[in-house]
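J.: 3D model of this:
(2 chains)
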Number of protein chains: 2
Amino acid sequence: MQESEFSLINRLFTRTDSSRNPFTRLGIGDDASIHHLEPGMELVVSTDSSLQGVHWPDDFPLDRAADRAVCSALSDMAAMGAETLCIWLNVMAEHSRAVERMAQGAMAALKRYDVELAGGDTCRSAINALSVSVAGQLPEGTAMRRDSAVSSDNIWLAGRVGWHALGLQQWLNGRQDGAFVPCFEVITPLLQTGIKLRQAGVGCCIDISDGLLQDVGHIAFASGVGMDIEITSVPGWELLCQAVGEDSASALVAHGGEDYALLFTAPDDVSLPDKLAVCIGHCRSGKGVSLLLDGEKTDIEKAGFDHFR
Amino acid sequence: MQESEFSLINRLFTRTDSSRNPFTRLGIGDDASIHHLEPGMELVVSTDSSLQGVHWPDDFPLDRAADRAVCSALSDMAAMGAETLCIWLNVMAEHSRAVERMAQGAMAALKRYDVELAGGDTCRSAINALSVSVAGQLPEGTAMRRDSAVSSDNIWLAGRVGWHALGLQQWLNGRQDGAFVPCFEVITPLLQTGIKLRQAGVGCCIDISDGLLQDVGHIAFASGVGMDIEITSVPGWELLCQAVGEDSASALVAHGGEDYALLFTAPDDVSLPDKLAVCIGHCRSGKGVSLLLDGEKTDIEKAGFDHFR
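T.: A predicted model of the protein is given here:
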């Protein structure tokens, strides 16, 4: 006899190794989870879906796909500077074996970052997919936002860009042992970096999920500033150039998504922890984002990932 | 030129007619939404997915499907007795026209219940689907839960059961003008009823989404009680019998899902608002759920909806 939906959920989504987070007063098992927020704290919430054939290749293992889906959602907490509290997980699966694989991957990611699963649902679907909603907390008024860059700010980057896209290219080209493939297989949300930036007083940050140029454009638009970014200052630029040449490296840096680096702006007098990030450019008055190569403006245009173009 | 993902999102998911809920300090447009909870209040959160071909027939209009998806998620707030605050919405769509239809339906439901859209994402998918996460609030310690029935409680039902399943049968049989079809097309979350029950001191409630017998079984299991329910006491029993005969009516009442009635238990001395619900049975010591027909135990067994059986 096939295992029932409810037995599957009980078996796969229960962690016995985690102490309950004080935020959660009632977790999985009722119509809703129940939570308590300490006075003086704000709640931040984000949600994202990941679909087979869209967010991961059909031949990519489902457990690792689910791990990636959870980690990409956690990255939004890093971008806000929040302490992650818990997630709620929607699992859409072709069959119960797919539920099992995705549960294993999701629970592994949650264990790695000590994040609680507070609820969710599981249903049969023609394609394997997950939606991950995540909650975090931070002191009131301290969230890093897209709309708070000013024209005198410097632009900083913590983490890599372009490496994930190159790893994905290698995977899709059948080079599953390619040097950059691990950068595509595993997503590392920069949770501690995000918290440290918020604590250092950084007010404006975004995570690079859809491509540097597109995501930086969100800051430029929301904050009403222009932004100049020097491509060669991006960490690992030389390695990318060695791997694929300067033209391809430029495109990877400009448009490659899903590295989940944190791009932030800060005034000259902000004191950042050592080696947390590198300065890659400057805001200015005006609008739009320009990419510079050795100080010369390039003609690289906005072309990040868009689901409906 | 095709409209971009971001333009689509801005155009379709922005409401200009709603005053912002004090819970939400920053809504759509950043990496996460930001929220404030009043002291003394608890947050309740639930999430559910709805998929074309699973939760609605392929020939059902997408706007109405999205309306149903939102309303079924809101029903979990009714079951907890919470005041609904906002939702976060994942839209998975075959093409931009499908995004548009689903957005119209989702926004119509949110407008009807004055619920804010606080965030979400939109992506291309091989099948149309939505995940809806919803948050509500209630005073600390007052949530209606599945685990608080006691063996001396009466069992009450607010709303119908079986009507949705019959409407769906009629739709699938090509009788789209069937008398019960409207019960399938539109989901009505009993939000005000849930709040009134919680305010009246009701401690144990569930919404009937997967079938009466299965959902009541969750209460019996979580609370460690047995439960006897008289089928003929269920509101609209005679109408169902007239429509399909007693045997089919029994099966519809026992197993028909998605009516989103509220089933709750309460001691004799709880004073309920007039006509809010009808008493349909009694808890007892022991375990399991029995369905009675005119006082005689039936042999109807648990067979609610299960995605993986």
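
J.: any idea which element residue A:167 lies in?
T.: Here residue A:167 is covered by helix A:163-172, with elements defined by DSSP states H and E.

J.: What's the first helix or strand after that helix?
T.: Sequence-wise, the next helix or strand downstream of helix A:163-172 (DSSP H and E) is helix A:181-185.

J.: next structured bit after that following helix?
T.: Helix A:181-185 is succeeded, C-terminally, by helix A:191-199 (DSSP H and E).

J.: hmm, that following helix touching chain B?
T.: No. Using CB under 8 Å from any CB of the partner chain, we find that helix A:191-199 stays clear of chain B, coming within 9.8 Å at best. To be clear about C-beta, it is placed using only N, CA and C from the backbone, and glycine gets the same treatment.

J.: pLDDT weak spots in chain A?
T.: Counting by pLDDT under 70, chain A has low-confidence residues at A:1-2, A:15-20, A:302-306, A:309.

J.: where do the strands sit along it?
T.: A:24-26, A:33-35, A:41-51, A:83-93, A:116-124, A:129-139, A:154-158, A:204-207, A:226-230, A:262-266, A:278-284, A:288-293, A:296-297 (DSSP state E).

J.: Partner strands of the shortest one, with direction?
T.: Strands adjacent to strand A:296-297 in the sheet, as given by DSSP bridges, are strand A:288-293 (antiparallel).

J.: what's the answer for the fifth one, then?
T.: According to DSSP bridges, strand A:116-124 has the following sheet partners: strand A:83-93 (parallel).

J.: Residue A:73: what's its closest spatial neighbour, skipping adjacent residues?
T.: Nearest non-adjacent residue to residue A:73, counting by CB to CB, 6 or more residues apart in numbering or on different chains: residue A:132, 3.8 Å away.

J.: I'd say residue A:142 and residue A:197 touch.
T.: No. Residue A:142 lies out of contact with residue A:197 (CB atoms under 8 Å); the separation is 10.7 Å.

J.: the domain parsing of chain A - what is it?
T.: Per the record, chain A has its domains at A:5-139, A:154-297, by automatic domain parsing.

J.: Off-centre distance for the shortest one?
T.: I take that to be domain A:5-139. Remark: domain A:5-139 is offset 14 Å from the chain centroid, using CA atoms, centre = their mean, to the nearest Å.

J.: contacting residues around the residue nearest to residue A:73?
T.: If a contact means CB atoms under 8 Å, 6 or more residues apart in numbering or on different chains, then residue A:132 has A:47-50, A:69-70, A:72-73, A:87-90, A:106 as its contacts.

J.: which of the residues you listed count as buried?
T.: Neighbour-count burial (16 or more other CB atoms under 10 Å in any protein chain shown) applied to the contacts of residue A:132 gives A:47-50, A:69-70, A:72-73, A:87-90, A:106.

J.: so of the domains of chain A, which one's packed in deepest?
T.: Of the domains of chain A, the one with the most neighbours on average (mean count of other CB atoms under 10 Å in any protein chain shown) is domain A:5-139, at a mean of 21.

J.: Quick check: longest helix in chain A by residues?
T.: helix A:62-80 (DSSP state H).

J.: just the angle between that helix and strand A:83-93, please?
T.: Interaxial angle, helix A:62-80 versus strand A:83-93 (axes from the mean of the first three to the mean of the last three CA atoms, to 10 degrees): 150 degrees.

J.: which strands and helices sit next to helix A:62-80?
T.: strand A:41-51, strand A:83-93, helix A:96-112, strand A:129-139, helix A:191-199, strand A:204-207 (3 or more CB pairs under 8 Å, 6 or more residues apart in numbering or on different chains; DSSP states H and E).

J.: Now look at the last one and say if it contacts chain B.
T.: Yes. Against chain B, strand A:204-207 shows contacts by CB under 8 Å from any CB at A:206, A:207.

J.: For that strand, enumerate the helices and strands it packs against.
T.: helix A:62-80, helix A:212-223, strand A:262-266.

J.: circling back: what residues are bridge-paired with the residue nearest to residue A:73?
T.: Counting by DSSP bridges, residue A:132 is bridged to residue A:48, residue A:89.

J.: Repeat that for residue A:155.
T.: Counting by DSSP bridges, residue A:155 forms beta bridges with residue A:265, residue A:281.

J.: Contacts only, for it.
T.: Here residue A:155 is in contact with A:216, A:227, A:228, A:229, A:263, A:264, A:265, A:279, A:280, A:281, A:282, A:283 (CB under 8 Å, 6+ apart).

J.: Ok, residue A:228 next?
T.: Residues in contact with residue A:228, defined by CB under 8 Å, 6+ apart, are A:155, A:281, A:282, A:283, A:284, A:289, A:290, A:292.

J.: measure it to residue B:64 for me?
T.: To residue B:64, residue A:228 is 49 Å away according to CB to CB, to the nearest Å.

J.: Kindly report the same for residue A:96.
T.: Distance of residue A:96 to residue B:64, given as CB to CB: 30 Å.

J.: Tell me who's in contact with the residue of the stretch 101-250 of chain A found nearest chain B.
T.: Proximity of the stretch 101-250 of chain A to chain B (CB to the nearest CB) peaks at residue A:131, 3.7 Å away. Counting by CB under 8 Å, 6+ apart, residue A:131 touches A:47, A:48, A:49, A:50, A:89, A:90, A:92, B:47, B:49, B:90, B:131, B:133.

J.: Throw these into TSV and include distance to residue B:79, thanks.
T.: Below are the contacts of residue A:131 laid out as TSV (distance: CB to CB, whole Å):
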residue	distance to residue B:79
A:47	21
A:48	26
A:49	25
A:50	28
A:89	20
A:90	18
A:92	23
B:47	14
B:49	18
B:90	22
B:131	18
B:133	15
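
J.: and which of those residues is nearest to residue B:29?
T.: Of all the contacts of residue A:131, residue B:29 sits closest to residue A:47, with 13.9 Å by CB to CB.

J.: check contacts around that closest one.
T.: Shown in contact with residue A:47 (CB under 8 Å, 6+ apart): A:73, A:131-134, B:88-90, B:119-121, B:131, B:133.

J.: One more: residue A:76?
T.: Contacts of residue A:76 (CB under 8 Å, 6+ apart): A:46, A:48, A:134, A:207, B:31, B:32.

J.: and the gap between the nearest residue to the fifth one once chain neighbours are set aside and residue B:12?
T.: Right, residue B:31. Distance criterion CB to CB, 6+ apart; nearest residue to residue B:31, sequence neighbours excluded, is residue A:79 at 4.0 Å. According to CB to CB, residue A:79 and residue B:12 sit 24 Å apart.

J.: And for residue A:172?
T.: Using CB to CB, one gets 32 Å for the distance from residue A:172 to residue B:12.

J.: re the thing from before, now the longest helix of chain A and strand A:154-158, what's the angle there?
T.: Angle between the axes of helix A:62-80 and strand A:154-158 is 150 degrees (criterion: the same axes, to 10 degrees).

J.: still on that earlier bit, and of the contacts of residue A:228, the nearest to residue B:297?
T.: residue A:289 (71.4 Å).

J.: That closest one pairs with what?
T.: The partner residues for residue A:289, given DSSP bridges, come to residue A:227.

J.: and it, how far is that from residue B:116?
T.: Per CB to CB, residue A:289 is found 31 Å from residue B:116.

J.: likewise residue A:244?
T.: Distance of residue A:244 to residue B:116, given as CB to CB: 45 Å.

J.: cool, and residue A:128?
T.: 31 Å.

J.: before we move on, what about residue A:187?
T.: Using CB to CB, residue A:187 is found at 30 Å from residue B:116.
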